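Undergrad: quick one: sequence plus predicted model below, questions after.
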Amino acid sequence: KAGVTQTPRYLIKTRGQQVTLSCSPISGHRSVSWYQQTPGQGLQFLFEYFSETQRNKGNFPGRFSGRQFSNSRSEMNVSTLELGDSALYLCASSPGQGARQDTEAFFGQGTRLTVV
Amino acid sequence: LAKTTQPISMDSYEGQEVNITCSHNNIATNDYITWYQQFPSQGPRFIIQGYKTKVTNEVASLFIPADRKSSTLSLPRVSLSDTAVYYCLVGDSQAGTALIFGKGTTLSVSS
């Protein structure tokens, strides 16, 4: 069974640009969550989608957005990139109705975004 | 969600048993305790989860005392490949879907 796939693995963008990251969850998983990881702030929750609906959102500015398609694949978009957006962006998929505290979340390898 | 406290770092040698303790003094009745492992530039990987007493799987054991205010992840006979960051998470299965990660414990295993 294929794991969570994130593309691209690495990305370099310029300040002010926008970027779209993609996540394909494990087959059959309908919940996809996104996290940002930086050395200073650690792993922080961005948002979670289930059945094409955003169900939960972390404390990030509106420049960060996402969506989920009918096949459960998800994309996240960051507009007007800032240097501080440089981070490892991780996607996780979960069975059932989400990354609940009593279920296992399966993470992808992440997309390393560098903003210059 | 209950706040967790773990040691920032630990050192060990190959073949030893490693115990990482997590403190969660304000854990709620419905909260589960979950541990994840993360290698550099990879996503976290689920290790083990428990609610009370002891849980064991093929890679680790989780010990939870009766008051549930702490928990201990036990890694038997560690190897160099167990060098990673270990996160303890505590959360209510009904309280939402976001996983809240703390700073984690960096385990360094030497030969």
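TA: That came through fine. Numbering: from 1, shown residues only, chains lettered A, B, ... in the order given.

Undergrad: report the contact partners of the closest residue in space to B:Ser23 that isn't next to it in sequence.
TA: Setting aside the residues directly before and after it, B:Ser23 is nearest to B:Thr5 in space (CB to CB, 6 or more residues apart in numbering or on different chains), at 4.3 Å. In this view, the C-beta of every residue, glycine as well, is placed from N, C-alpha and C. B:Thr5 sits next to B:Cys22, B:Ser23, B:His24, B:Gly102 when contact means CB atoms under 8 Å, 6 or more residues apart in numbering or on different chains.

Undergrad: just A:Gln44 next, same as before
TA: Per CB under 8 Å, 6+ apart, neighbours of A:Gln44: A:Tyr35, A:Gln36, A:Gln37, A:Thr38, A:Gly58, A:Asn59, A:Phe60, B:Phe101.

Undergrad: now do it against B:Gln49, distance only.
TA: 21 Å (CB to CB, to the nearest Å).

Undergrad: list just the nearest of the contacts of B:Thr5 to A:Tyr49.
TA: B:Gly102 (24.4 Å; CB to CB).

Undergrad: returning to that earlier point: by neighbours, which of the contacts of A:Gln44 wins?
TA: A:Tyr35 (27 neighbours; other CB atoms under 10 Å in any protein chain shown).

Undergrad: could you say which helix or strand contains it?
TA: strand A:31-38 (DSSP states H and E).

Undergrad: now the end-to-end length of stretch A:28-41.
TA: Taking CA to CA, to the nearest Å, the first and last residues of stretch A:28-41 lie 32 Å apart.

Undergrad: stretch B:86-105 now?
TA: 5 Å.

Undergrad: now whichever residue of chain A sits closest to chain B. Its backbone dihedrals?
TA: Per CB to the nearest CB, A:Phe107 is where chain A lies closest to chain B, at 2.7 Å. Dihedral angles of A:Phe107 (phi, psi; degrees, to the nearest 10) stand at phi -100, psi 150.
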